[in-house]
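*Asks:* here is a sequence together with a model predicted from it:
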Amino acid sequence: MRGKCVVLLSGGLDSSTTLFYAKNNGYDCHALMFDYGQRHKRELSSAVFIANAAKVPYKIIKISLPWKGSSLLDKNIRLPSKRSMKVMSKEIPSTYVPGRNTIFISFAVSYAEAIGADSIFIGANAIDFSGYPDCRPDYYKAFNKLIKLGTKKKNIKIITPLINMLKSDIIRLGKRLGVPLEKTWSCYRGGAEPCGVCDSCRIREKGFSEVKRNK
């Protein structure tokens, strides 16, 4: 056993694979989920299912971001759809939630320090993603420096095992680790069925198509 870790779990492909990855590598995992007023609150039920499937304890933190500033928080702002993959990697879409990962990781740092965890796992990816600035390697390197300077424990480290992986490779890894991928949720719209046209749905479909094509 490598000790305790906090895993940020949204219920999507990446975070679910990250949880199983951490557990498979001998960590005592504690999942942390957020209800922050997102449209795709459906993801929370997937996150709970995944945590239970991995047999790890979890906490759901409910917070409010009343200033909104994102199409994930404000239904009056149109969700982006059918953007080209090239555009996705270069333009920050309206689904970007200002400071979201900074907020989430700050909670995770507090939780980790309180329970004596040395690591925080997050399924951030900088290859097949929607262009968010808080999903890039330099961001996490800077945050690790901040944790060292601003905590009593000092040695808590953010680990991003998927940061440089293609979505298809993440899916393959998830399958090897036994992640119930069919129970994960990626769609930005939420609802009963995925919309199939938002950035997240299309990146997910691209990944599964590549896995199927390259069997």
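*Replies:* Nice, thanks for sending it over.
*Asks:* what sits against Arg78?
*Replies:* For Arg78, the contacting residues are 71, 94, by C-beta atoms under 8 Å, 6 or more residues apart in numbering. For every residue, glycine as well, the C-beta is placed using N, CA and C.
*Asks:* how about Pro80: what's its closest non-neighbour residue?
*Replies:* Excluding its sequence neighbours, the residue lying closest to Pro80 (C-beta to C-beta, 6 or more residues apart in numbering) is Pro93, at 4.6 Å.
*Asks:* for the one you found, give its distance to Ser81.
*Replies:* 10 Å (C-beta to C-beta, to the nearest Å).
*Asks:* which secondary element of this structure has the worst mean pLDDT?
*Replies:* Scoring the helices and strands of the chain by mean pLDDT, DSSP states H and E places helix 85-88 at the bottom, with a mean of 64.
*Asks:* just checking, next helix/strand downstream of that one?
*Replies:* helix 100-115 (DSSP states H and E).
*Asks:* sorry, back to before: hmm, the residue nearest to Pro80 is touching Lys82, no?
*Replies:* No - judged on C-beta atoms under 8 Å, Pro93 makes no contact with Lys82 at a distance of 11.9 Å.
*Asks:* comparing these two, which residue is more hemmed in?
*Replies:* Pro93 (20 against 9; other C-beta atoms under 10 Å).
*Asks:* which residues does the more buried one contact?
*Replies:* Pro93 sits in contact with 71, 80, 83, 130-131, 199, where contact means C-beta under 8 Å, 6+ apart.
*Asks:* looking at those, state which has the most neighbours.
*Replies:* Busiest of these [other C-beta under 10 Å] is Asp199, holding 24 neighbours.
*Asks:* lovely, talk soon.
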